[in-house]
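Enquirer: here's my sequence, what's the structure:
(one chain, ligands or ions: 1)
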Amino acid sequence: MGLFDDNKVTYADKSDKDLNRAYFLFRIIGKPFVTKIFTFLLKVSIKIGLPIKGIIKATIYKQFCGGTSINESQPTIDNLWQSGIGTILNFSAEGKESEEDFTRTKDEIIETIIKASKSEKIPFSVFKPTGITAFGLLEKLSKNQALSSKEQAEKEDFYSRINEICKTAFELKVPLFIDAEESWIQTAIDEIAREMMHKFNKEKAWIFNTLQLYRNDRITYLKEVLTDAENNHYFVGLKLVRGAYHGQEIERANRLNYPCPVHRKKEDTDKDYNLAQKFCVENINRISFCSATHNEESSAYLTELIAQHKLDKNDKRIIFSQLLGMSDHISYNLARKGYYITKYVPYGPVKDVIPYLIRRAAENTSIAGQMNRELSNIIKEKKRRKNI
Ligand SMILES: Cc1cc2nc3c(=O)[nH]c(=O)nc-3n(C[C@H](O)[C@H](O)[C@H](O)COP(=O)(O)OP(=O)(O)OC[C@H]3O[C@@H](n4cnc5c(N)ncnc54)[C@H](O)[C@@H]3O)c2cc1C
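Expert: You can find the predicted model right below:
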């Protein structure tokens, strides 16, 4: 049996009802045409205030989110922990634009850190920089453009919010991931993330930046970060992802006619992803990292690297992570084998997590009519249960 093939383990904590809901959902969002219509209707319904929250909450939201609040997510946290999987609470309200909203989101992120500090079931925290400052400001900072005095004040507020979040994580001993976003705002995020690592990672990695390996400059950047850490005596924390904005990156580069910052061939992204994992394991005394992927080959490759380098499967410097409701076959089977596994558990008001849900629907749409991986695993498990 392959590394991730034990469906009995994958679906151990899922009832028949859970399985049927997931089956129904992945069937629907597996069709590109249906996903397009669904996305459109979702956006319109929310905009004009149609009462569809109930339906969303019972279906797609239940599959991919923990609850509307930290408390409501507790059953999900407990469930995952029973299978040896840690939770990373991810406050997923998106599209906020006012300074009050940014402060509220910062306070909520701090709540997740406090909650994590009190529970071994929640080993990490995370936040998305655009939740606590304006996209436009990050874009200007990334381009090194002159700021108006209002923007200068906003920049100071942003720095003070990030500093407060990172300082809390450091003081409460909760490692913290900073999510990565579009390349045209990422330079500003990278700069501040590096500053925070420099400040708080003197003894070990508490602050983790995110590296998107679909970008064609990230292997060079990874080497630069290590050199900087060696020269300035701090530890590096990294979350490795392929990157969630591939379509937008290509579209913008074409439209504005600048060199495309991302790979155009999937195999180049895959190659860089595995190179990055290898580089991190080879430098494990300086780099702690999270392999945040649903890709079976990359996850299997990391288990081989761990074995080759004679590291402990449960080495706390090497974390695997998947999203709630996705690739349970990787998470549950690796957890059973003793690896250090976590899952992002998004939570927040239904209306505010819609952009997140739309990304999940798009990601699970089949390519060229192939049945998606989630669906074929669910079908196998339904058959297995029927034949018991
Ligand atoms: C725990 C966790 C945290 C995450 N955090 C972030 C984050 O902070 N920022 C972020 O951007 N994303 C984040 N992601 C999403 C991630 O970047 C991917 O979009 C998603 O996981 C799918 O990639 P994959 O490695 O799982 O697998 P795969 O299904 O093997 O790869 C799909 C990915 O390959 C890349 N790709 C697709 N087509 C091409 C092509 N033609 N040429 C080159 N590359 C291509 C894209 O990045 C695409 O998302 C996170 C994912 C997880 C599991």
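Enquirer: ok, then the element right after the helix or strand of the chain with the lowest mean pLDDT?
Expert: When the helices and strands of the chain are scored by mean pLDDT, DSSP states H and E, helix 32-48 comes last with a mean of 82. The helix or strand immediately downstream of helix 32-48 is helix 53-58, counting by DSSP states H and E.
Enquirer: what average pLDDT does whichever helix or strand comes after that next one get?
Expert: Toward the C-terminus, helix 53-58 is succeeded by helix 60-64 as the next helix or strand (DSSP H and E). Average pLDDT, helix 60-64: 92.
Enquirer: contacts only, for the residue nearest to residue 214 when sequence neighbours are not counted.
Expert: Take residue 214 and drop its neighbours on the chain: the residue closest to it by Cβ to Cβ, 6 or more residues apart in numbering is residue 243, 3.8 Å away. For the C-beta atoms, the positions are set from N, CA and C on the backbone; glycine is no exception. When contacts are counted by Cβ atoms under 8 Å, 6 or more residues apart in numbering, residue 243 touches 180, 212, 213, 214, 215, 249, 262, 269.
Enquirer: so which of these also contact the ligand?
Expert: The overlap between the contacts of residue 243 and the neighbours of the ligand (Cβ under 6 Å from any ligand atom) comes to 180, 212, 214, 269.
Enquirer: pull out the buried residues from whichever helix in the chain runs longest.
Expert: Ranked by residue count and defined by DSSP state H, the top helix of the chain is helix 149-172. Within helix 149-172, the residues that count as buried by 16 or more other Cβ atoms under 10 Å are 151, 154-155, 157-158, 161-162, 165-166, 168-170, 172.
Enquirer: do the same with stretch 296-304
Expert: Buried residues in stretch 296-304, defined by neighbour count with 16+ other Cβ under 10 Å: 296, 298, 299, 301, 302, 303.
Enquirer: average pLDDT for that stretch?
Expert: The pLDDT scores in stretch 296-304 average 98.
Enquirer: what of stretch 69-82?
Expert: Stretch 69-82 comes out at a mean pLDDT of 97.
Enquirer: briefly note if it comes near the ligand.
Expert: No: against the ligand, stretch 69-82 shows no contacts by Cβ under 6 Å from any ligand atom, the least distance being 13.1 Å.
Enquirer: can you mark which positions in that stretch are buried?
Expert: For stretch 69-82, burial by neighbour count (16+ other Cβ under 10 Å) applies to 70, 73, 74, 76, 77, 80.
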